[in-house]
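Undergrad: A predicted structure for the sequence below; I have some questions about it.
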Amino acid sequence: MKVFSKRFVLILIGTLITGLCLFLSIRQYRVKAFQSDVIPGSLHALAQTTLNEGKNSADVPMMLFEYGPAEGLSQAISNYSVVVAYPVSSNSSIWNDEHQIIGTWYRFVVTETLSLKPFPTCDTCQPSPNPPSGMTAGSNELLIPKFGGVVSLNGVTLTSVDPNFPNYQASQPYLLFLNVDTSKRVGVLASGPIAAFSVSSTGTLSPVTQMPGALAEEIFQTYGNSLSAFRTSLNGSPPPGATPCTASSHVIAMCTNNGGAWDTVTCRCN
């Protein structure tokens, strides 16, 4: 029994040593594989540093992005298409390795098109971006890009989060002001997070960001954050099956107390 026990202990120690050597060899191979042609400050460099530190994940600092101008409501309605849609899938990838930019494309199902404007074309206008290869959208869908996401490089998980623009939540309806390229089925949120609103089960609109913006302020002041009131204003009358125009008593009182007259047909303060 003692001989058997000694053999067992020796075998166990040998197995552990072999496993540890194999682990270190694989890790060293992964590190060496990164050491050629790596741009300093890039995502690949960050992944290499993470491996050198014995870790398998890292957060990517989010640079500050400049979006389009923070337009008011009338200008946003004039310039952008307005849709209600919810995301059903996403695809994150490296958009720029050197500048550590990770992005995500979301596939949205469009439930309502409240307003449709042609995609802007001019000498200085940027063309719509191309979605990832193999990512397509149906006739009632749109592909919408957004900064931030999660990717894996050589077994290292890199996470990039925009503190001013939370990730879209699956199956959550959103009201979005977009530049829509119908030929590609691509929608660009040109004004960034201030042009996106979540829609509650009761039809209440809430900005997805804490960033101040005239658009959110005017939607609250004019429509009481009511999707049905906003819909009625755009279309003149609600579509079949839509909830009739409603607004909270607080919004109506605010209108009348300031010398206005609440129009129940257009759901606006005149």
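TA: Arrived safely, thanks for sending.
Undergrad: for the stretch 1-150 of the chain, which spans come out with low pLDDT?
TA: 1-36, 66, 68-70 (pLDDT under 70).
Undergrad: and if we set it to 90?
TA: Filtered on pLDDT under 90, the stretch 1-150 of the chain yields the residue ranges 1-39, 61-72, 74, 120-127.
Undergrad: Run through the helices of it in chain order.
TA: With DSSP state H, counting those that start in this stretch, the ranges of helices along the stretch 1-150 of the chain come out as 2-34, 43-52, 73-79.
Undergrad: So which bits of the last one are buried?
TA: What that stands for is helix 73-79. Neighbour-count burial for helix 73-79 flags 73, 76-77, 79 (criterion: 16 or more other Cβ atoms under 10 Å). C-betas here are computed from N, CA, C, even on glycine.
Undergrad: Equivalent analysis for stretch 83-93, please.
TA: Across stretch 83-93, burial judged by 16+ other Cβ under 10 Å covers 83-87, 90-92.
Undergrad: Just those: which are in strands?
TA: Among those, the members found in strands (DSSP state E) are 83-87, 90-92.
Undergrad: Let's have the residues you listed in CSV, adding distance to G134.
TA: Formatted as CSV, these follow (distance: Cβ to Cβ, whole Å):
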residue, distance to G134
V83, 24
V84, 27
A85, 21
Y86, 22
P87, 18
S90, 14
N91, 9
S92, 14
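Undergrad: from those, which two are the most distant?
TA: V84 and S92 (24.3 Å; Cβ to Cβ).
Undergrad: quick one, what contacts Y80?
TA: Shown in contact with Y80 (Cβ atoms under 8 Å, 6 or more residues apart in numbering): 115, 117, 177-179, 190-191, 195.
Undergrad: ok, it to S228 distance?
TA: For Y80, the distance to S228 (Cβ to Cβ, to the nearest Å) stands at 20 Å.
Undergrad: do K55 as well
TA: 50 Å.
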